[in-house]
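# Got a sequence here, can you model it:
(one chain, ligands or ions: 1)
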Amino acid sequence: MELFDQMGSMGHEKVLVCSNPEVGLKAIIAVHNTVLGPGLGGCRMWPYESFDEAMMDALRLSRGMTYKAAATGLNLGGAKAVIVGDSKKDKSEELLRAFGRAVESLGGLYITAEDVGTRMQDMEMILSETRWVTGVSEAHGGSGDPSPVTAYGVLQGLKAAVEWKFKSSELSGRKVAIQGLGNVGRYLAENLIREGAEVVGCDVDAEAIEKARQLGVKIVEPDEIIGVECDVFSPCALGASLNPNTIPKLNCAAVAGGANNQLADEDRDGKAITERGILYAPDYVINAGGLINVYNELNGYNRERALLMARHIFDNVHRIFELAEEQSIPTHQAANHLAETRIERMRNGLGVHQWSRFTGGRGLTIRS
Ligand code: NAD
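From the prediction side, this is the model:
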């Protein structure tokens, strides 16, 4: 009964537990909410220590996808899959195809994508068994590397934060400190420098540092980046970079970056940032360019359209700042509120499974 209680309290619609001992498949597909559309979310492969740990990750991550799609204005619900195993040792064609058949069995309720432990080539094996897969190569009609679109979306959210704080979204003369100069961080730095901003950055990887240096990024040590005096601090590395140790050291007007799960504890740290007078652009809203990118595959991928949709992240982030101000709440709460309100309105107006006659409706909902 515990699982039913958990699903009930977190609001999940369906959980599929998949087992195929012949190929070593142990997977869970959690469909959180499909009011707005089919649940799209990555497939994570990780050596979970227990069934409960894998289940909790699937439940938590799928709910996160519901909020991300809803706040972004996409006609998508939230879902996620986890495969139990070591992606370096346990992955095989048979296993991925068996997983693909499990995805197919849901008839489009769940659309899979890459995540930690899976890559584009894996998605292409899954494609042999189901069309409900995104993140395949351009040769297969897919979108390829999502990072440029993610970074472009982060740039839009960052501009919205700059506009909110300084009454102009002009980046020329602004200083941005980027933590993590990998795919997203590097493309973001390139965009910022093109728009005239001064960029300071750090990484723990020598190759990433060198590539960024060549773009004109001023490099500092990883433990210095948090305290760099700047207009915007942009976390683009791993999660939990905003926590009780780092928040007091921030020396910026706003935080706007691409990393997932930036707040170590959403409520505690979101509140602490607000109390310091620092504007926080909620991570799952500002980094939605990756989701926008794969979503565009559903209708025949077009990079121009993906970038156009990512441009709306500016308006989304702006709307969240307005709502936070109107209601005197931290911005992460405003983002959650926006997502929940959109789902509730659609639930009342449409009914839960209207979208399954899904023929079009893959655009972007612009809120008035
Ligand atoms: P990446 O692995 O290419 O880049 C991350 C970089 O951070 C690496 O260069 C790594 O060396 C560096 N790093 C790790 N620990 C660090 C530390 N302590 N200090 C400084 N640098 C550190 O990954 P990515 O694709 O650029 O993704 C970055 C973040 O954005 C992740 O949190 C990811 O989940 C999120 N994200 C990415 C996308 C996308 O399209 N790639 C979409 C949405 C969200």
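# Next, count neighbours for the residue of the chain found nearest the ligand.
Sorted by distance to the ligand under CB to the nearest ligand atom, the residues of the chain start with Gly182, at 1.8 Å. Where you see a C-beta, it was placed from the backbone N, CA and C, and this is true even at glycine. For Gly182, the count of nearby residues is 19 (other CB atoms under 10 Å).
# Tell me the pLDDT of it.
What the model reports as pLDDT for Gly182 is 95.
# wait, isn't it in contact with Glu207?
No - in this structure Gly182 lies outside contact range of Glu207 using CB atoms under 8 Å: 9.8 Å.
# in the protein, which spans are strands?
14-20, 25-33, 39-46, 77-84, 110-113, 175-179, 198-202, 218-219, 232-235, 254-255, 279-280 (DSSP state E).
# circling back: tell me the contacts of the residue of the chain closest to the ligand?
Applying CB atoms under 8 Å, 6 or more residues apart in numbering to Gly182 gives the contacts Asp203, Asp205, Ala208, Cys236, Ala237.
# Check the gap between Glu22 and Ile126 for me.
Distance, Glu22 to Ile126, using CB to CB, to the nearest Å: 18 Å.
# out of those two, which sits in the busier spot?
Here Glu22 and Ile126 are compared on neighbour count by other CB under 10 Å; more neighbours surround Ile126, at 26 against 9.
# How far does stretch 306-318 sit from its chain's centre?
On the basis of CA atoms, centre = their mean, to the nearest Å, stretch 306-318 is displaced by 14 Å from the centre of the chain it belongs to.
# Could you number the chain from 27 rather than 1 from now on?
Fine by me, first position is 27 from now on; the one you just mentioned is stretch 332-344.
# Spell out which parts of this protein neighbour the ligand.
Taking CB under 6 Å from any ligand atom as the contact definition, the chain meets the ligand at 172-173, 176, 205-211, 228-231, 234, 248, 262-265, 284-286, 313, 316.
# 5 Å instead?
Along the chain, the residues adjacent to the ligand under the rule CB under 5 Å from any ligand atom are 172-173, 176, 206, 208-210, 229-231, 234, 248, 263, 284-286, 313, 316.
# Please work out how many residues are found near the nearest residue in space to Ala234 that is not next to it in sequence.
For Ala234, ignoring the flanking residues on the chain, the nearest one in space by CB to CB, 6 or more residues apart in numbering is Leu207 at 4.6 Å. Applying other CB under 10 Å, we find 29 residues neighbouring Leu207.
# quick one, what contacts Leu207?
Ala215, Gly227, Cys228, Asp229, Asp231, Ala234, Ile235, Lys237, Ala238, Val243, Cys262.
# thought the fourth one was touching Ile235?
Yes - under the contact definition of CB under 8 Å, Asp229 touches Ile235, with a separation of 5.1 Å.
# between these two, who's got more neighbours?
Asp229 (24 against 16).
# Take the strands of the chain and write them to JSON lines, including mean neighbour count and mean pLDDT.
What follows is the strands of the chain, written out as JSON lines (neighbours: other CB atoms under 10 Å; pLDDT from 0 to 100):
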{"stretch": "strand 40-46", "mean neighbour count": "16", "mean pLDDT": "97"}
{"stretch": "strand 51-59", "mean neighbour count": "25", "mean pLDDT": "98"}
{"stretch": "strand 65-72", "mean neighbour count": "25", "mean pLDDT": "96"}
{"stretch": "strand 103-110", "mean neighbour count": "29", "mean pLDDT": "98"}
{"stretch": "strand 136-139", "mean neighbour count": "28", "mean pLDDT": "97"}
{"stretch": "strand 201-205", "mean neighbour count": "26", "mean pLDDT": "98"}
{"stretch": "strand 224-228", "mean neighbour count": "23", "mean pLDDT": "98"}
{"stretch": "strand 244-245", "mean neighbour count": "14", "mean pLDDT": "98"}
{"stretch": "strand 258-261", "mean neighbour count": "29", "mean pLDDT": "98"}
{"stretch": "strand 280-281", "mean neighbour count": "26", "mean pLDDT": "98"}
{"stretch": "strand 305-306", "mean neighbour count": "26", "mean pLDDT": "98"}
